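In: Sequence below, structure please.
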Amino acid sequence: MAPVVSVAKAAKKPASPVTLSGWIHRKRESGGIIFIVLRDVTGLMQVAIKKDSVSEASWKMASEATVESSVEVQGRVSEDKRSPTGFELHASSFKHINVSEPFPITEYQSVELLLDKRHLWLRSQRMINIMRARSHIFRYAREFLDRNGFYEVTPPAITKVGGETGADMFELDFFGSRAYLTESSQLYAEAMAFSLERVYSLAPSYRAENSRTTKHLSEYWHLEPEMLYFDNKKSMALQEKLVSHIANHLARHEDILAALSVNKDDLLKIKPPFKRLSYEDALSLLNQKGFSLKWGDDFGVEHERALTESEDKPVFIHSWPSEIKPFYMPINPKDERTVLCADLQAPKGHGEIIGGSERIWKYEDLIARMADVEKAKGVKFNMKNYEWWIDLRKYGSVPHSGFGMGMERIIKWLLGLDHIRDAIPFPRMSNRLEP
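Out: Now for the predicted structure:
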């Protein structure tokens with residue numbers, strides 16, 4: 001038996017006997033020849049099965065095989081420009097491993113059906129290439145941080161710390177106690193940073209926001225580094241290097257990019273430095289573009305698009321008003337209306353991909369800031385739940401910073417996807433819990 005190889009390797013072995021295993025992507029019959037397009041993870045290969053070139057048993061099985069049947073084919077590959085894949089395998093033997101029932105997905109299906117049949121739609125060429133790219137993006141993110149002295153840590157997904165109010169978190173009963181699915185691993189990563197100095201977690205986060213936009217998921221993968229002795233400027237420099245590393249390395253995968261109509265040159269342009277705009281300057285720029293925003297207003301989808309639609313690289317918006325940012329961000333000593341933070345906006349209106357800041361590292365400053373937030377926002381912190389985290393400021397605390405990157409958001413941007421649901425295998429949204 002000829003060696004079993006992938007479709008991609010078979011294309012490099014013209015005239016050599018090979019065995020391919022995969023699934024039938026397309027099938028048609030014409031005058032004693034059955035043509036199938038065979039799919040595996042590396043690509044597609046046209047296979048020609050001639051009735052007078054295979055055994056009766058092989059011909060019978062080829063005739064019975066349906067779209068998405070799993071099969072094994074032996075033969076020799078030759079270059080054929082008439083083939084939709086550029087190569088053709090001339091079969092000498094064919095057998096099916098499992099004959100598929102009539103496949104429920106055909107051309108021009110509704111978005112809802114494709115989501116209902118997500119477990120099958122993942123076999124489409126589009127989703128295969130998105131998932132391949134996703135795997136590479138995760139690997140390059142880890143690779144960059146590993147090379148820069150970071151340790152990967154694994155914080156819990158179940159927590160008692162409910163943000164400022166817990167309103168946007170999924171609550172659960174933990175053996176009689178109120179608990180939440182985490183919306184961020186930041187607080188636990190901070191604790192780990194005081195032993196390992198530079199850490200990151202790459203894990204799911206959960207947001208109970210009833211948002212039905214093209215960039216919101218209820219469950220998403222969250223990359224969260226924490227770094228001792230980093231101020232906001234040093235953190236932004238790290239972020240732009242990380243994003244550039246991911247984009248530039250993804251550009252190597254030309255087959256994936258071609259399948260998704262992504263221009264690799266656009267990815268190679270993503271290099272530091274990225275443009276930096278203060279919130280105040282961004283606000284002024286938006287009002288010059290016809291918006292009517294006042295100090296303290298947050299930016300929505302239309303504002304993010306207006307700020308980045310003509311950009312080729314991401315843009316930092318820094319020094320946001322303190323009233324619209326979390327309690328752990330320190331007040332900017334140069335402008336007490338703002339905090340030491342930055343959001344990274346992807347170009348072409350793809351929206352925020354990273355949010356980061358310095359962390360309040362002095363005990364007295366943190367207690368005062370939490371009290372100010374309680375007074376201004378009318379919220380009440382459960383200080384008992386935060387006691388362990390506040391403790392970090394009592395025992396040898398040092399200045400530190402961190403940030404969170406939404407992995408599906410960066411995938412959506414780099415691959416030019418219309419909706420974030422295609423950046424994750426099984427999307428969980430406010431209106432989607434199946435399959």
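
In: which stretches of the stretch 301-435 of the chain form strands?
Out: Under the criterion DSSP state E, counting those that start in this stretch, strands of the stretch 301-435 of the chain are mapped to 315-318, 331-332, 335-339, 341-346, 351-359, 400-406.

In: K294 is nearest to which of the ones you listed?
Out: strand 335-339 (12.8 Å; Cβ to Cβ). The C-beta positions use only the backbone N, C-alpha and C, and glycine is treated the same way.

In: what packs against that closest one?
Out: For strand 335-339, the packing partners by 3 or more Cβ pairs under 8 Å, 6 or more residues apart in numbering; DSSP states H and E come out as strand 331-332.

In: what do you get if the cut-off is 10 Å, keeping everything else the same?
Out: helix 279-288, strand 331-332 (3 or more Cβ pairs under 10 Å, 6 or more residues apart in numbering; DSSP states H and E).

In: before we move on, back to that, list just the one of the strands of the stretch 301-435 of the chain that sits closest to E226.
Out: Nearest to E226, of these and by Cβ to Cβ, is strand 400-406 at 3.9 Å.

In: So the nearest residue to F327 once chain neighbours are set aside versus I36, what's the distance?
Out: Spatial nearest neighbour of F327, excluding adjacent residues (Cβ to Cβ, 6 or more residues apart in numbering): V373 at 4.4 Å. From V373 over to I36 the distance is 63 Å, taken as Cβ to Cβ, to the nearest Å.

In: More neighbours: these two, which one.
Out: I36 (27 against 19; other Cβ atoms under 10 Å).

In: can you give me the strands in the stretch 151-300 of the chain?
Out: Using DSSP E, counting those that start in this stretch, strands in the stretch 151-300 of the chain cover 151-152, 158-159, 171-174, 177-181, 198-206, 219-228, 275-278.

In: Just put those in CSV and tack on mean pLDDT and distance to A133.
Out: Formatted as CSV, the strands of the stretch 151-300 of the chain follow (pLDDT from 0 to 100; distance: least, Cβ to Cβ, whole Å):
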stretch, mean pLDDT, distance to A133
strand 151-152, 98, 21
strand 158-159, 96, 31
strand 171-174, 95, 33
strand 177-181, 94, 27
strand 198-206, 97, 16
strand 219-228, 98, 14
strand 275-278, 98, 26
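
In: Indicate which one of those is closest to W121.
Out: strand 219-228 (18.5 Å).

In: which other helices and strands contact that closest one?
Out: Looks like strand 219-228 contacts helix 125-147, helix 186-196, strand 198-206, helix 232-250, strand 351-359, strand 400-406, helix 407-414 (3+ Cβ pairs under 10 Å, 6+ apart).

In: CSV for those, including distance to K380 and mean neighbour count?
Out: Shown next, in CSV, are the helices and strands packed on strand 219-228 (distance: least, Cβ to Cβ, whole Å; neighbours: other Cβ atoms under 10 Å):
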stretch, distance to K380, mean neighbour count
helix 125-147, 36, 17
helix 186-196, 18, 19
strand 198-206, 23, 21
helix 232-250, 29, 20
strand 351-359, 22, 23
strand 400-406, 25, 24
helix 407-414, 32, 24
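
In: buried ones in stretch 308-325?
Out: T308, K313, P314, V315, F316, I317, H318, S319, W320, P321, S322, K325 (16 or more other Cβ atoms under 10 Å).

In: Between which two of those is the distance greatest?
Out: So, these by Cβ to Cβ: farthest apart are K313 and S322, at 28.0 Å.

In: Any stretches of this protein with poor pLDDT?
Out: 1, 162-167 (pLDDT under 70).

In: hmm, try it at 80
Out: Applying pLDDT under 80 to the chain flags the ranges 1-2, 83-85, 162-167.

In: coming back round to it: turn the helices and strands packed on strand 335-339 into CSV, columns for mean neighbour count and distance to R421.
Out: What follows is these, written out as CSV (neighbours: other Cβ atoms under 10 Å; distance: least, Cβ to Cβ, whole Å):
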stretch, mean neighbour count, distance to R421
helix 279-288, 17, 28
strand 331-332, 18, 37
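
In: buried stuff in stretch 332-349?
Out: Those buried within stretch 332-349 under the rule 16+ other Cβ under 10 Å are N332, T338, V339, L340, C341, A342, D343, L344, Q345, A346, P347, G349.

In: returning to what we had before: report the contact partners of the residue nearest to F327.
Out: By Cβ atoms under 10 Å, 6 or more residues apart in numbering, the residues touching V373 are E164, S322, E323, K325, P326, F327, Y328, V379, F381.

In: any idea which of these is closest to D146?
Out: Y328 (26.3 Å).

In: Out of the contacts of V373, flag the one nearest to I270.
Out: K325 (26.4 Å).

In: Spatially nearest residue to the closest one, not counting backbone neighbours?
Out: Leaving aside its sequence neighbours, K325 sits nearest to V339 (Cβ to Cβ, 6+ apart; 5.0 Å).

In: is the one you found in a bridge, and if so with what?
Out: V339 has the following beta-bridge partners by DSSP bridges: I331.

In: ok now do it, which residues does it touch?
Out: 232, 279, 318-332, 357-358, 360, 369.

In: And for R28?
Out: Taking Cβ under 10 Å, 6+ apart, we find R28 in contact with I34, F35, I36, V37.

In: So it, which state does it fall into?
Out: Assigned with DSSP: H, G, I helix; E, B strand; the rest coil, R28 falls in the strand class.

In: how far away is it from P330?
Out: Distance, R28 to P330, using Cβ to Cβ: 66 Å.

In: Columns distance to E171 on top of the helices and strands packed on strand 219-228, output as TSV?
Out: Shown next, in TSV, are those (distance: least, Cβ to Cβ, whole Å):
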stretch	distance to E171
helix 125-147	29
helix 186-196	18
strand 198-206	11
helix 232-250	32
strand 351-359	23
strand 400-406	21
helix 407-414	23
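
In: Looking at these, spot the one closest to D391.
Out: Closest among those, using Cβ to Cβ: helix 186-196, at 8.9 Å.
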